[in-house]
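Enquirer: dropping the sequence and predicted coords here.
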Amino acid sequence: MATRIILNYIALYLFIFLYNYYCIRADHMKPRESPPSPHQHIGSACDLILDGYQRHQEVENFLRRVCEMHENVTELFDIGSTYEGRRMLVLKIGFKKQATTPANERRKSAWIDGGIHAREHIAPSTVLYIICQVHIFIFFLKGITVNSKKITNLLTQSDWYFLPVVNPDGYEYSFTKNRMWRKNRRPTSPNCIGVDLNRNWIFGWGGADSEANPCAFNYRGEHAESEAEVINIVRFITDQQSCDSQFFSFITYHSYGQKIYTGAQHGYGDNNEATALAYEMSKSIKKVNGAHYQVGTSSALAYPFGGGSSDWAKRVVQIKYSYLIELRDRGQNGFLLTRKEIVPTGQEQWAAILKLGAAILNAQNLKKVINCTDETKLKYQYKHPKLEKLNIHIAQRHKNSWKSMISNIGSTNVKHYLTVFILFFVIIVLLS
Ligand SMILES: [Zn+2]
């Protein structure tokens, strides 16, 4: 009897050992050949896009890819072209279809842009960082991260519009010819090129720190809104406001100096509520990596200027929380900020955006839609022949991954199941 029990134990241990060896270990050692999942795809796209300062074409490709992967919650708008013919693409993200927004009600909206000044490369990268945070959240972290509820509420109750590069012509020129270029690239006189796009907006146009000389680095243009890049944004935001979006925030990223400007001059936009929120944002920024961002009007912290975009947003469109944010650093590397600072700068701003988002959700006076036409809705629809091609490519890859899964079952897994069955049979024989 004792011998029988010992034999049973030996058989059981033999079974466990062989099962582990052949089925579990062998399976883990098997090389993984299946193509990356869409999750890995977006994760690695963000890793790549934040690894360095990207050319405009890469930024555009990234926006399109993100839009394709989240077609239910994103929209891509073509808001017009630049002087040199580059497209200006705006990405909108929001869980509109999941939310129960009545047909005639607007959605709370926020605008974030960067790169109006060509040489400030950290600005587009910071917009991309924020887009990445939202997308990684949608793919991976929903329900897991500590901010999950906050971000879900934000995307359910508001829409976020992103334009990473306001001045793509100048931005490209700063990569290829002159790293310190600031203006756009439209010829303005026989000898000079470019208008300072942050001096070309209608509010305060021709004011402080804006030159009438076309050769000046801060040339304001022949008249207000003379530049395609400016007028494209003016028309787009005005049209969205007349349809289903009501902007409560307008953020425009610049560099450098680590400052949050609540307005260009005293009295322009420095109302109490917006200033209080800017201090809250600055506190959130400091908690991340210890970086200090000053808060105030640009005339208090640096110098006044006229014709800037955030003053237009604040005073013409009446967007409550409108800020110009000067990103890192405080002058050590200035416009030539190293790529290692892309992620920490983005992390700081993401914390500030979450603070801003909470304020947007608390904001009052959401108005009803009154004069939205179908023409306005369709005006900025993005159509690109390559978009369809890319979709097909992704669908094909999914098909291939299913094929490889089926062939795996046919080869390796069946072998494992057979081994288990034989072992089980041996045990039954030993026990009987
Ligand atoms: Zn700037």
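Expert: Happy to help now that I have it.
Enquirer: quick one: which helix or strand includes the residue nearest the centre of the chain?
Expert: Centroid-nearest residue in the chain, with Cα atoms, centre = their mean: Ile131, separated by 1.5 Å. Per DSSP states H and E, Ile131 falls inside helix 122-136.
Enquirer: now do stretch 330-343, average pLDDT.
Expert: For stretch 330-343, mean pLDDT rounds to 97.
Enquirer: what's the end-to-end length of that stretch?
Expert: 17 Å (Cα to Cα, to the nearest Å).
Enquirer: distance between it and the chain's centre?
Expert: In this view, stretch 330-343 has its centroid 20 Å away from the chain centroid, taken as Cα atoms, centre = their mean, to the nearest Å.
Enquirer: what comes up buried for that stretch?
Expert: Within stretch 330-343, the residues that count as buried by 16 or more other Cβ atoms under 10 Å are 335, 337, 341-342. Just so you know, the C-beta spots here come from the backbone N, C-alpha and C atoms, and that holds for glycine as well.
Enquirer: now render these as a markdown table, adding distance to Ala123 and secondary structure.
Expert: Shown next, in a markdown table, are the buried residues of stretch 330-343 (distance: Cβ to Cβ, whole Å; DSSP: H, G, I helix; E, B strand; the rest coil):
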| residue | distance to Ala123 | secondary structure |
| --- | --- | --- |
| Phe335 | 10 | helix |
| Leu337 | 10 | coil |
| Glu341 | 12 | helix |
| Ile342 | 11 | helix |
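Enquirer: quick check: mean pLDDT across stretch 236-249?
Expert: Per-residue pLDDT values over stretch 236-249 give a mean of 94.
Enquirer: what's the answer for stretch 155-171, then?
Expert: The pLDDT scores in stretch 155-171 average 97.
Enquirer: what's in contact with stretch 333-340?
Expert: Identification of contacts with stretch 333-340 by Cβ atoms under 8 Å, 6 or more residues apart in numbering yields 51-53, 119-122, 179-180, 255-256, 328-329, 345.
Enquirer: so does it get close to the ion?
Expert: No. Figure legend: stretch 333-340 not in contact with the ion (Cβ under 5 Å from the ion); closest approach 9.1 Å.
Enquirer: restricting to C-alpha, output that stretch in PDB.
Expert: The C-alpha trace of stretch 333-340 is given here as PDB (Å, rounded to 0.1, in the frame of the first residue of the first chain):
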ATOM      1  CA  ASN A 333      20.200  77.100 -23.600                       C
ATOM      2  CA  GLY A 334      17.300  79.400 -24.700                       C
ATOM      3  CA  PHE A 335      15.900  78.500 -28.100                       C
ATOM      4  CA  LEU A 336      18.500  75.700 -28.400                       C
ATOM      5  CA  LEU A 337      17.000  73.700 -25.600                       C
ATOM      6  CA  THR A 338      18.300  70.100 -25.700                       C
ATOM      7  CA  ARG A 339      16.000  67.300 -26.600                       C
ATOM      8  CA  LYS A 340      16.400  65.800 -23.100                       C
END
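Enquirer: who does the closest residue to the ion within the stretch 201-350 of the chain form a beta bridge with?
Expert: Proximity of the stretch 201-350 of the chain to the ion (Cβ to the ion) peaks at His254, 3.3 Å away. Beta-bridge partners recorded for His254 (DSSP bridges): Glu326.
Enquirer: what residues are up against it?
Expert: 114, 116-117, 120, 123, 198, 324-327.
Enquirer: how about low-confidence regions in this structure?
Expert: The chain contains residues with pLDDT under 70 at 1-43, 97-103, 141-146, 268-270, 384-421, 423-424, 426-432.
Enquirer: break it down into its structural domains.
Expert: Following automatic domain parsing, one finds the domains of the chain at 2-31+388-431, 55-383.
Enquirer: closest to Cys46 out of these?
Expert: Checking the domains of the chain against Cys46 by Cβ to Cβ gives domain 55-383 as the closest, at 4.0 Å.
Enquirer: and the end-to-end length of that closest one?
Expert: Length of domain 55-383, first residue to last, Cα to Cα: 22 Å.
Enquirer: where's that domain relative to the chain centroid, distance-wise?
Expert: The answer for domain 55-383 is 11 Å, by Cα atoms, centre = their mean.
Enquirer: and the chain, which of its residues are near the ion?
Expert: 117, 254.
Enquirer: how does it look with 6 Å?
Expert: Residues of the chain that fall close to the ion, judged by Cβ under 6 Å from the ion: 117, 120, 254.
Enquirer: can you tell me the closest non-neighbouring residue to the first one?
Expert: The shortest distance from His117 to any residue other than its chain neighbours is 5.0 Å, reached at Arg182 (Cβ to Cβ, 6 or more residues apart in numbering).
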